[in-house]
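**Q** Here's a sequence, model it:
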Amino acid sequence: MTMGALHEGHDANIEAAATKADHVIVTIFVNPLQFGPNEDFDRYPRTFDEDVARCERLGVDVIFAPTRDVMYPQGEPQVRLTPGPRGEILEGASRPGFFHGVLTVVMKFLQIIRPDFAFFGEKDFQQLALITQMVADLDVLTEIIGVPTLREDDGLAKSSRNRYLVGDERQAALALSAGLRAGVAAAGQGREGVLAAATEAFASTGTTSAKRLDYLVLTAPDLGPAPESGPARLLVAAWVGQTRLIDNTAVEL
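**A** The predicted structure follows:
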């Protein structure tokens, strides 16, 4: 399930689906419900012809690319899914109402298509966690499968929004993955050590004027409080120029 502007990260999702399922369906829909009034809905890249060609090369069986009127025939839906308290932190705090829109459109797609499996990239880790929880809580029969984040050679997570980066912003964007790597390397120093190392690496990578940290946090894999030891998740979001990027990684404390 994508908003289009497909790249190699989406390829990984499609390829993972092809190894698991008999038929692969790709959805392409820029969902207006998950954009705030000052966000980039109109600017979001739309490359439908290129996306179709990419899907054909990868052997996709069906592309479902509905219009806004097909998805919301009566206008904006009066009933929307509520993500719960862990949908109001991180991305939910920075982008109020975002996950209400995400979960609503994902549920509509699951109801329309009724897939056995649905594949989502781990780059949007909070989204993946909330969709997994939604499916469990509401007894949806689709199995949700996370696909590891695909990165550029220099570590930048592949994203449709990377094409917005200009000039020294591309170098500044490496601060996100640099912070994550530093945090993982400091896992033996405990929670405080992970965050300190990640924060220092973020601050010292790239042009300071080109980036602004939104959040850098350590949580449990289910987005609850980070444990003293064991599996955890380090998540970061930052503005690079006029572009907001997110990234995350697993950490073993």
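**Q** For residue 111, see how far away residue 46 is.
**A** 25 Å (C-beta to C-beta, to the nearest Å). (Each C-beta comes from the backbone N, C-alpha and C, glycine too.)
**Q** Looking at the two, which one has more neighbours?
**A** Comparing residue 46 with residue 111 by other C-beta atoms under 10 Å, the one with more neighbours is residue 46, at 15 against 10.
**Q** Can you tell me the element the nearest residue in space to the more buried one that is not next to it in sequence falls in?
**A** Distances taken as C-beta to C-beta, 6 or more residues apart in numbering put residue 4 closest to residue 46, at 6.0 Å, once the chain neighbours are dropped. According to DSSP states H and E, residue 4 maps onto no helix or strand at all.
**Q** Identify the residues contacting residue 4.
**A** 28, 29, 30, 45, 46, 47, 48, 51, 65, 160 (C-beta atoms under 8 Å, 6 or more residues apart in numbering).
**Q** Mind giving me the PyMOL select for those, buried ones only?
**A** The following PyMOL selection, which keeps only the buried ones among the contacts of residue 4, applies the criterion 16 or more other C-beta atoms under 10 Å:
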select buried, resi 28+29+30+47+51+160
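**Q** Can you tell me which of the contacts of residue 4 is closest to residue 170?
**A** residue 160 (14.9 Å; C-beta to C-beta).
**Q** Please report the distance of the closest one from residue 108.
**A** Going from residue 160 to residue 108 by C-beta to C-beta gives 21 Å.
**Q** Pick out whichever of the contacts of residue 4 sits closest to residue 244.
**A** Once C-beta to C-beta is applied, the member of the contacts of residue 4 that ends up nearest residue 244 is residue 160, at 12.2 Å.
**Q** residues contacting that closest one?
**A** Residue 160 neighbours (C-beta under 8 Å, 6+ apart): 3, 4, 5, 6, 7, 44, 45.
**Q** what about 6 Å?
**A** With contacts defined as C-beta atoms under 6 Å, 6 or more residues apart in numbering, residue 160 is in contact with 5, 45.
**Q** Let me see the confidence value for it.
**A** Residue 160 carries a pLDDT value of 91.
**Q** Looks like residue 80 contacts residue 103 (just checking).
**A** No: counting by C-beta atoms under 6 Å, residue 80 sits too far from residue 103 to count as a contact (7.8 Å).
**Q** And the residue nearest to residue 210 when sequence neighbours are not counted, how close does it get to residue 86?
**A** Nearest residue to residue 210, sequence neighbours excluded (C-beta to C-beta, 6+ apart): residue 172, at 3.7 Å. Per C-beta to C-beta, residue 172 is found 30 Å from residue 86.
**Q** Would you mind listing the outside residues contacting stretch 45-53?
**A** If you take C-beta under 6 Å, 6+ apart as the criterion, stretch 45-53 is touched by 4, 5, 6, 28, 160.
**Q** Closest to residue 38 out of the residues you listed?
**A** Using C-beta to C-beta, the contacts of stretch 45-53 come closest to residue 38 at residue 160, 18.9 Å.
**Q** What values do phi and psi take at the closest one?
**A** Here is the backbone geometry of residue 160 (degrees, to the nearest 10): phi -60, psi -30.
**Q** which stretches of the stretch 151-253 of the chain form helices?
**A** Using DSSP state H, counting those that start in this stretch, the helices assigned to the stretch 151-253 of the chain run over residues 169-172, 174-185, 190-204.
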